[in-house]
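J.: Dropping the sequence and predicted coords here.
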Amino acid sequence: MKCVSTRGAAPAVSFREAVLAGLAPDGGLYVPARIERLPDTWWAAQRDRSFQDVAVALAGQLVGDEFPHGSLESLIRDALNFPVPIVRLNDRLSVVELFHGPTFAFKDFGARTLARLMRVLSEPPVGKGETRVERSTQHEGAEPLTVLVATSGDTGGAVAQAFHNVRGTQVVVLYPEGKVSDVQEAQFTTLTGNVKAVAVRGSFDDCQRLAKEAFADPSLSLRLRLTSANSISLGRLVPQVFYYAYAASRAPGATFSVPSGNFGNLAAGVMAWQLGAPIGGFLAPTTINDTVPRYLSSGQLEPRPSVPTLANAMDVGNPSNLERLRWLFHDDVAAMRSLVTSTAFSDGDMRIAIAELHERFRYIADPHTAIAYLGARDERDTTLVVGTAHPAKFREVVEPIIRKPVHLPAPLAEMLMKKKVALRIEPALGALASLL
């Protein structure tokens, strides 16, 4: 896979180089230079295969030529060793549950795969007559790889867990102070070790801006081996293509309803569609942070400061991956509009959806999955609702609505008992640079 920048002013690189770099040197996002449609026979062959088998097969098609035989399969199976249930609500609607990984959110797919990719790619090559252990020992004193990530909630926990105690890495998680749930915060503030949580006095947009400014700062790049684990990283996005391929093979022609904030999840779905996955279209419901619905309606990109909502992972006023989506559609808003429909919903709408899902289907949904349901509720065709987080991560929202306790999985309960440790900074690059 050759990768190019969405801004066109950086040289093409390999997938391996794109993963390690995170952001392109011209400030753009890496994308595949070409996305070649796989034949219908290939897709038909996936219909009865497991999620892990589909993931391995597609990974081989995309980047198999950059890894030794067998190593890519082992990496994928180790990273994605959890189920992807498709829960049927009725004849028309099903939920693709993506929250059965270790941090109970869909971010586990990308973060766990990326952590393993980083570990493999950052190791120096083994010379003739040299063992991997010998080579690693020689480089123990090398500058660690600093993984800088901004989170509106779930990304921080997934990345922190995936990279925790990985030798040669340090993780810095930027999050908006006071604007994530207690469970989300516990997942990245209780690990310590090589994980540092940093509470930013501002919004998620401030955190995302700081991360991008850090990557673009030449003085920082001279002093640090800095890389990204946000959805700006192509290495985190590609593993998300796998579950669209799997779900589409199980329900050919279905529409996907994707709760959308930074729009990385939707970008992965569009890449799957361009690869030939039998996808009928996309719904991209948002919170009242409606930059993309307005863009699709008017053709004008007008970001606004984000507004806090109960679906905090979607509180993004300037979605990074809209740049990637525009590149995938050759900056043709009409073409994007023909495949993607995006509607904004309020907290009140979301509360109604959580109650309705519980009353009609005995299904308990978190706020983000509820918004995906709102996008799909009036569709007449087969629709797959993308379930992105376990409801226990938002029990303070969900329990008063359904009037019953939400089961808290043991790993989450244990984390809530631990001491939270976080540094605090103002939303300024100087403050972040000093910390780094």
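T.: In hand now; what should we look at?
J.: Show me which helix or strand of this structure is least confident by mean pLDDT.
T.: When the helices and strands of the chain are scored by mean pLDDT, DSSP states H and E, helix 132-138 comes last with a mean of 40.
J.: tell me which strands and helices the helix or strand following that one is in contact with?
T.: Once the chain leaves helix 132-138, the next helix or strand it forms, by DSSP states H and E, is strand 145-150. Taking 3 or more CB pairs under 8 Å, 6 or more residues apart in numbering; DSSP states H and E as contact, the helices and strands that strand 145-150 lies on are helix 154-163, strand 169-176, helix 204-216, strand 225-228. Just so you know, the C-beta spots here come from the backbone N, C-alpha and C atoms, and that holds for glycine as well.
J.: Find out how far strand 145-150 is from the centre of the chain, if you would.
T.: The offset between the C-alpha centroid of strand 145-150 and the centroid of the whole chain comes to 14 Å, using CA atoms, centre = their mean, to the nearest Å.
J.: swap in stretch 341-359?
T.: Put simply, stretch 341-359 sits 22 Å off its chain's centre (CA atoms, centre = their mean).
J.: Output it as PDB, nothing but the C-alphas.
T.: What follows is stretch 341-359, C-alpha atoms only, in PDB (Å, rounded to 0.1, in the frame of the first residue of the first chain):
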ATOM      1  CA  THR A 341     -26.800  11.100   4.900                       C
ATOM      2  CA  SER A 342     -26.000  13.000   8.100                       C
ATOM      3  CA  THR A 343     -28.600  14.400  10.600                       C
ATOM      4  CA  ALA A 344     -28.000  16.000  13.900                       C
ATOM      5  CA  PHE A 345     -29.900  15.000  17.100                       C
ATOM      6  CA  SER A 346     -30.200  16.600  20.500                       C
ATOM      7  CA  ASP A 347     -29.700  15.100  24.000                       C
ATOM      8  CA  GLY A 348     -33.500  15.000  24.300                       C
ATOM      9  CA  ASP A 349     -33.700  12.900  21.100                       C
ATOM     10  CA  MET A 350     -31.000  10.600  22.500                       C
ATOM     11  CA  ARG A 351     -32.800  10.100  25.800                       C
ATOM     12  CA  ILE A 352     -36.000   9.100  23.900                       C
ATOM     13  CA  ALA A 353     -34.000   6.600  21.800                       C
ATOM     14  CA  ILE A 354     -32.400   4.900  24.900                       C
ATOM     15  CA  ALA A 355     -35.900   4.600  26.400                       C
ATOM     16  CA  GLU A 356     -37.400   3.300  23.200                       C
ATOM     17  CA  LEU A 357     -34.700   0.700  22.600                       C
ATOM     18  CA  HIS A 358     -35.200  -0.600  26.100                       C
ATOM     19  CA  GLU A 359     -39.000  -0.600  26.000                       C
END
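J.: who's in contact with that stretch?
T.: With contacts defined as CB atoms under 8 Å, 6 or more residues apart in numbering, stretch 341-359 is touched by 89, 260, 281-290, 292-293, 296, 309-311, 363-365, 367, 370-371, 373-375, 377, 397-398, 401-402.
J.: in that stretch, what's buried?
T.: Judged by neighbour count using 16 or more other CB atoms under 10 Å, the buried positions of stretch 341-359 are 341-345, 347, 349-351, 353-354, 356-358.
J.: From the residues you listed, pick the one nearest Arg223.
T.: Ser342 (40.5 Å; CB to CB).
J.: Distance-wise, check that closest one relative to Tyr295.
T.: With distances defined as CB to CB, to the nearest Å, the gap from Ser342 to Tyr295 amounts to 8 Å.
J.: Then Glu143?
T.: If you go by CB to CB, the gap between Glu143 and Tyr295 works out to 40 Å.
J.: The two: which has the busier surroundings?
T.: Comparing Glu143 with Tyr295 by other CB atoms under 10 Å, the one with more neighbours is Tyr295, at 21 against 11.
J.: Could you list the buried residues of stretch 17-29?
T.: Ala18, Val19, Leu20, Ala21, Gly22, Leu23, Ala24, Pro25, Gly27, Gly28, Leu29.
J.: May I have the residues that are in contact with the fourth one?
T.: Read it as Ala21. Neighbouring residues of Ala21 by CB under 8 Å, 6+ apart: Val13, Tyr30, Thr227.
J.: Out of those residues, which comes closest to Leu174?
T.: Taking CB to CB as the measure, Leu174 lies nearest Thr227 of the contacts of Ala21, at 14.3 Å.
J.: Chain neighbours aside, what residue packs nearest to that closest one?
T.: Gly22 (4.4 Å; CB to CB, 6 or more residues apart in numbering).
J.: pLDDT wise, what is the one you found at?
T.: At Gly22 the predicted local distance difference test score is 85.
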